[in-house]
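> The sequence isn't on hand, but the structure is:
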């Protein structure tokens, strides 16, 4: 008895957390319900029903399948669906006319041959990377509509009427869904991408601002020394490539809104994203050197403390400026100031190594420190490239 | 005139390449066409058509939507679709009965309230990560079927009959598709996952076997020194996480086949995959040190040449053994032998650094070499973990 109750409680807790993490999920669910009810009204209103008949179901179906979390995805699917239905409808009308020439017995055979050929070809087209990213859904709908219309054309005589009705109900469903999606608390995926890119840079910034102190055993005031979660934040950046690409693809469908104009440079976001990821990989290696087992003794580390702290702090500040300038969409040149500072510190660090402060120390013990130093130098370069790209 | 012809030529070239890279794509396309033709036969055969009527379209629709590249994905979608249709059908019958109690005017209102509530709740359920991975498609079909049946119940009186017909035609479509998918050149996604994991390990192996020679300026015989593609292969490993997880999810649906039994340990593949990725991250950093601009002078590198070569070669061999034992599904212990060898070389390398061969050299010039050395030590550890996990 206790087990199902417990799992229901757990589900409820999870639902609460999901809703609190992103309240737009709740709005989205309510919007999905609303758009379905709106579409079903077409069913209840007699003049509409009598003009479209059973094809009204297609409006309901479209509303269910089209409605996605973001405006971009919804619009993309709508355009795909309408164009594919139009194209497949036209083609199947043509095939129907051709098949008619072959008489009553030849007709189904000709139709089946066409269904086979079109389905095979369009299925193969879905493997093309360029189609997969943009119109995978449209190709699926193309096969679906073409085979449905062709197969049933054998039975139905008013095929043109049916195709037109289906197209108009689908368009009706699309319009309702798009209206609901845009008018009520719209979720713009472009904005999400924008925020994700800025957030990822901020994660790196958090790491870098904390790293110096952590590495040299100096803890920042106000931060409890055991709260190291800021050092883990960057990990999610490592795996964000596919979601960024997906978002940029969808963002292209969205109309101008707020600060985002048409032809917003979404590709630039991908570029910044991949630079951020490169930097995160370096940071991931740096993070390994916080492991106390492979560390250079503290007295050696304290010799390069000042430079390491400066480099990581200044890189952090430069990233902070960049992410802030992304968020505010204003080009800020103060970031270059911080890059300059960190470069100066990097030069100092190089000189420190050149003068060879620790000739007498064990080389293997120094190795981690030199690695950290050279990684920091690389981070400086990465940061500069991110700042330039912003 | 030339432009469209050119782009058609380009498409044809791309199609040829896609087909050659994976001939299963061509078979898949033909299978998709075949299963559609098979399903459309139900339409042509009179006794079948007369018993199901217009609902036969659902069989065609199911065949189009269900048919996926791999058996696992097809089966997963079929099970999702049938269960969701069954559940939604039952629920909508219940709602229909309840709504009937409210008379002719109250009925559509009650139904709309239920459609709204169910759509909103199920849409929200799709955000749960555990449902998203397993039955996202099922939840979508649940909303679809429930709203279609509920909305049209207002008009149709033979609702039970309609629901049953729809369910049986969907089942018919699923069965045909599954039969075609399994009987004709089946594509098992479990096998793909198996091969992908082995291939990823082999990519690391290629890198490591080439790295030693490349780093120390010694080129292997028989390999032209400018063919460095083997050094780039590992890059795809860095981004394979989401596709591996997706494949493991789908592989669970597949029945026992060939060397793969029921309850095959798919999770173990994910574990090996993530260990491989950790190792690839380290290798990515190592790769940076092949850049001639940041290299330690050759005379210093040649001092540690032997050890570096041994470590990377032996690690490469250990990975080769592991990937071979994955491919053959036989546990091989020879890999541990190579791990032992590389560990011994690592110890030698440590001693070399301890004795401090290059006291008089510039520390910053040595830094890259020490980094490479410590990275190689880490690669040894990673390799050992991969070998243990296999």
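Cool, got the structure. Given the structure is predicted, the values throughout are model-derived calculations rather than measurements.
> Would you check that residue A:93 makes contact with residue A:164?
No - judged on CB atoms under 8 Å, residue A:93 makes no contact with residue A:164 at a distance of 10.1 Å. Every residue, glycine included, has its C-beta placed from N, CA and C.
> Tell me which of these two has more neighbours.
Between residue A:93 and residue A:164, counting by other CB atoms under 10 Å in any protein chain shown, residue A:93 is the more crowded of the two (16 against 13).
> Are we agreed that that one is in a helix?
Yes - counting by DSSP: H, G, I helix; E, B strand; the rest coil, residue A:93 is part of a helix.
> give me every residue that touches it.
By CB atoms under 8 Å, 6 or more residues apart in numbering or on different chains, residue A:93 lies in contact with A:149, A:159, A:160, A:163.
> try 7 Å
Under the criterion of CB atoms under 7 Å, 6 or more residues apart in numbering or on different chains, the contact partners of residue A:93 comprise A:159, A:160, A:163.
> And it, how close does it get to residue B:64?
Distance from residue A:93 to residue B:64, counting by CB to CB, to the nearest Å: 19 Å.
> Do you have the strands of the stretch 51-200 of chain A handy? List them.
Listed in chain order, the stretch 51-200 of chain A contains no strands at all (DSSP state E, counting those that start in this stretch).
> Just the buried ones from the contacts of residue A:93?
Applying a neighbour-count criterion of 16 or more other CB atoms under 10 Å in any protein chain shown, the buried members of the contacts of residue A:93 are A:159, A:163.
> ok, of the contacts of residue A:93, which one's closest to residue A:72?
When the contacts of residue A:93 are compared for distance to residue A:72, the smallest value, 28.8 Å, is given by residue A:163; criterion: CB to CB.
> just checking, the closest one touches residue A:89?
Yes - assessed by CB atoms under 7 Å, residue A:163 is found in contact with residue A:89 at 4.2 Å.
> so what sits against both of these two?
Between them, residue A:163 and residue A:89 share these contacting residues under CB under 7 Å, 6+ apart: residue A:149.
> Next one, pLDDT for the nearest residue to residue A:26 once chain neighbours are set aside please.
Closest residue to residue A:26 in three dimensions, ignoring its sequence neighbours and counting by CB to CB, 6 or more residues apart in numbering or on different chains: residue A:19, at 5.1 Å. The score at residue A:19 is 87. That number is its pLDDT.
> what about residue A:19, how many neighbours?
Using other CB under 10 Å, residue A:19 has 16 neighbouring residues.
> Phi and psi next, for it.
Backbone dihedrals for residue A:19, given as degrees, to the nearest 10, come out at phi -70, psi -40.
> cool, residue A:257 as well?
Phi and psi for residue A:257, reported as degrees, to the nearest 10, are phi -160, psi 140.
> So which residues make contact with the helix or strand harbouring residue A:307?
Here residue A:307 is covered by helix A:305-328, with elements defined by DSSP states H and E. Contacts with helix A:305-328, where a contact means CB under 7 Å, 6+ apart, come from A:197-198, A:201-202, A:204-205, A:208-209, A:211-213, A:215-216, A:331-332, A:334-335, A:338-339, A:341-342, A:345-346, A:348-349, A:352, A:372, A:376, A:379-380, A:383, A:386-387, A:390.
> how distant is the next helix or strand after that helix from the center of its chain?
Heading C-terminal from helix A:305-328, the first helix or strand you meet, by DSSP H and E, is helix A:334-355. Computed by CA atoms, centre = their mean, to the nearest Å, the chain-centroid distance of helix A:334-355 equals 35 Å.
> For helix A:334-355, name the packing helices and strands.
Using 3 or more CB pairs under 7 Å, 6 or more residues apart in numbering or on different chains; DSSP states H and E, the elements in contact with helix A:334-355 are helix A:305-328, helix A:363-389, helix B:363-389.
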